[in-house]
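any chance you can model this:
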Amino acid sequence: MAEPIPVTRSIRLDPGEIGESFIRASGPGGQNVNKVATAVELRFDVAASLSLPEPVRERLMRLAGRRLTGEGVLVLRADRYRTQERNRADALERLLELIREAAVPPPPPRKATKPTLGSKIRRLEGKKKRGAVKSLRQGRPSAD
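Numbers count the residues shown, from 1 in each chain. Reported below is the predicted structural model:
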């Protein structure tokens, strides 16, 4: 059995939950691109994963967006590099980065506060000054 992949201090991914398939990459590469499957399509079943805690799983499903299928499978395609091995590493690193981002807890909700007396006074003084400037403009003929 393969060793678990460390994601964060508390989260370890079972390599058996990650599926890879190799497909032909698009783009430049000459004749090589037509005969070698260098692109990697990585699949990770987020909905059925036992490695992820429930809150992380929910945040990951929200973060994944269009990369998540209707069944809850995260699909990442990597074809940035010309070798299969580098594309595999790239896809895995992108998956781990997405999980790390989902593992960060959301910030606590903001507590509503009232403006201080000083800020209210400053606001009203600013309004008075602005009104005074505008009142000085009244009655003057325009420079048209």
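
ok, for the residue most central in space within the chain, nearest residue in space, not its chain neighbours?
Residue closest to the mean C-alpha point of the chain, counted by CA atoms, centre = their mean, is residue 63 at 5.3 Å. Once flanking residues are discounted, residue 63 sits nearest to residue 102: 5.4 Å by CB to CB, 6 or more residues apart in numbering. C-betas here are computed from N, CA, C, even on glycine.

who are the contact partners of the residue nearest to the centre of the chain?
Residues in contact with residue 63 (CB atoms under 8 Å, 6 or more residues apart in numbering) are 98, 101-102.

need the residues you listed in TSV with neighbour count, can you?
As requested, these are exported to TSV (neighbours: other CB atoms under 10 Å):
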residue	neighbour count
98	20
101	12
102	23
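
TSV please, covering those and showing distance to residue 15 and secondary structure.
Compiled in TSV, the contacts of residue 63 are given as follows (distance: CB to CB, whole Å; DSSP: H, G, I helix; E, B strand; the rest coil):
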residue	distance to residue 15	secondary structure
98	17	helix
101	21	helix
102	19	helix
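
show me the shaky parts of the protein.
Applying pLDDT under 70 to the chain flags the ranges 1, 25-36, 140-144.

tell me where it has strands.
Using DSSP state E, the strands of the chain run over 5-6, 12-13, 18-23, 39-45, 73-78.

tilt between the last one and strand 18-23?
Taking axes from the mean of the first three to the mean of the last three CA atoms, to 10 degrees, strand 73-78 and strand 18-23 form an angle of 40 degrees between their directions.

ok, residues contacting strand 73-78?
Contacts of strand 73-78 (CB under 8 Å, 6+ apart): 39-47, 60, 64, 67-69, 87-88, 90-91, 94-95, 98.

can you give me the neighbour number for the residue lying closest to residue 71 once chain neighbours are set aside?
In space, and not counting its chain neighbours, residue 71 is closest to residue 47: 6.8 Å by CB to CB, 6+ apart. Applying other CB atoms under 10 Å, we find 14 residues neighbouring residue 47.
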